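Trainee: Okay, predicted coordinates and the sequence, questions at the end:
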Amino acid sequence: MTVVEPSGPGGEPAQRPDPGAEDSELVRRLRSGEEHAFAELVDRWSSSMLRVAVVQTSSRALAEEAVQDTWLAVLQGIDGFEGRSSLRTWVFRILHYTSRAKAVRERRVPALTEVAGGRGPDGAWPDGESFLSAEHPRWPGHWSQPPRAWAPVPDAAVLGTELRSQLGAAIASLPDRQRLVLTLRDADGCSPDEVCDLLDITPGNQRVLLHRARTAVRAALTPYLAQGPS
Amino acid sequence: MTTGPDLPCDELVELVTDYLEGALDAATQDRVEAHLPECVGCRRYLDQIRTTVALLAQTPRWELSPAARKSVLAAFRARSPGRPPAAG
């Protein structure tokens, strides 16, 4: 279940239904042929599944095949599913192996040059933003050129074409694992735990990847959105 | 990491994600929150990260193509040939 976790201090954790009970009910409905239940699951999880698969197969078309094959494998295996892991974990494990097999068969094995938590370019700073040095007598490490204010961005569903395209370009230029964590968390609304489970990374790794990705996207949007003097 | 009373801006910006996730220890969170009211640069930065997250929430989810989706649902139906298809 993809639930957006409330962020930041002061947010009360949402009441989550017991995942074990939810899973049992869902498995029961799938086994008894309730198409609504299956369609809903496909619609809910396919976005995240496609995002994960495309990193492994380097191709949107192959990713779609991998996700389709995964759902078929889920149908074949559902009667034998024992509930030792969550349904979601099980489905995404099948996806992992299916995508990888497909990538190997199609000779699309990606070069995984970025390791979770490995050093990458930290703090992408737009032109015109900088900090005072650590040796500064009064304000070491403080802004010397602080961020300029951004123009107000449109609410809700009114993202203009240009902003949408800037955002898309910024996301596309991220390293694979940063892009994956960012889109799973901030676009698809997966919880931190879900992302860690899916990608088999620690909460710390997950936050590092998310941090770098958000920093880079914010920096990419700044030249477009910043207005006026500091 | 400095331990003096004032958190420098170049350290705060590295903490924003942990701050928004609620993952900072209490002492560090206090230092962040003590710094923000005094620093328009950091307030703007934090706000821009929040705006970035809000914009990302508006990016479209990915979808299976209609053909792929149809094929997957058809496979489901083929498992239980006696049942009527889902409405709508």
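Mentor: That came through fine.
Trainee: In space, what's closest to the residue most central in space within chain B - neighbours in sequence excluded?
Mentor: Taking Cα atoms, centre = their mean, the centroid of chain B lies closest to residue B:53, which sits 5.9 Å from it. Using Cβ to Cβ, 6 or more residues apart in numbering or on different chains and skipping residues adjacent in sequence, the residue nearest residue B:53 is residue A:186, 5.3 Å away. Where C-beta positions appear, they are placed from N, C-alpha and C, glycine not excepted.
Trainee: Check the contact between the one you found and residue B:61; I expect there is one.
Mentor: No - at 11.7 Å, residue A:186 does not count as touching residue B:61 under the criterion of Cβ atoms under 8 Å.
Trainee: So if I had to pick from these two, which one is more boxed in?
Mentor: Using other Cβ atoms under 10 Å in any protein chain shown, the more surrounded residue of residue A:186 and residue B:61 is residue A:186, with 23 against 16.
Trainee: give the contact list for the more buried one.
Mentor: The neighbourhood of residue A:186, defined by Cβ atoms under 8 Å, 6 or more residues apart in numbering or on different chains, consists of A:210, A:214, B:53, B:56, B:57.
Trainee: Go again with 7 Å.
Mentor: Counting by Cβ atoms under 7 Å, 6 or more residues apart in numbering or on different chains, residue A:186 makes contact with B:53, B:56, B:57.
Trainee: and these as TSV, adding pLDDT?
Mentor: Output for these, formatted as TSV (pLDDT from 0 to 100):
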residue	pLDDT
B:53	96
B:56	95
B:57	92
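Trainee: Could you save these as a markdown table and add columns showing secondary structure and distance to residue B:37?
Mentor: A markdown table is the format used below for the contacts of residue A:186 (DSSP: H, G, I helix; E, B strand; the rest coil; distance: Cβ to Cβ, whole Å):
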| residue | secondary structure | distance to residue B:37 |
| --- | --- | --- |
| B:53 | helix | 22 |
| B:56 | helix | 27 |
| B:57 | coil | 27 |
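Trainee: which of these lies closest to chain A?
Mentor: Lowest distance from chain A to these (Cβ to the nearest Cβ) belongs to residue B:56, with 3.8 Å.
Trainee: Let's check: the centremost residue of chain A is which one?
Mentor: residue A:184 (2.1 Å).
Trainee: Where does the prediction get shaky in chain B?
Mentor: Across chain B, the ranges flagged by pLDDT under 70 are B:1-5, B:81-88.
Trainee: those helices in chain A, which residues are they?
Mentor: A:19-31, A:35-57, A:60-77, A:87-105, A:161-172, A:176-182, A:192-199, A:203-225 (DSSP state H).
Trainee: elements contacting the helix or strand hosting residue B:17?
Mentor: Here residue B:17 sits within helix B:9-21, counting by DSSP states H and E. Helix B:9-21 sits against helix A:203-225, helix B:26-35, helix B:40-56, with contacts defined as 3 or more Cβ pairs under 7 Å, 6 or more residues apart in numbering or on different chains; DSSP states H and E.
Trainee: which of those helices sits most buried?
Mentor: Stretch with highest mean neighbour count among the helices and strands packed on helix B:9-21: helix A:203-225 (a mean of 21; mean count of other Cβ atoms under 10 Å in any protein chain shown).
Trainee: tell me the angle of that one relative to helix A:161-172?
Mentor: Interaxial angle of helix A:203-225 relative to helix A:161-172 (axes from the mean of the first three to the mean of the last three Cα atoms, to 10 degrees): 150 degrees.
Trainee: Is helix A:203-225 in proximity to chain B?
Mentor: Yes - for helix A:203-225, a contact with chain B is found by Cβ under 7 Å from any Cβ of the partner chain, at A:207, A:210, A:211, A:214, A:217, A:218, A:221.
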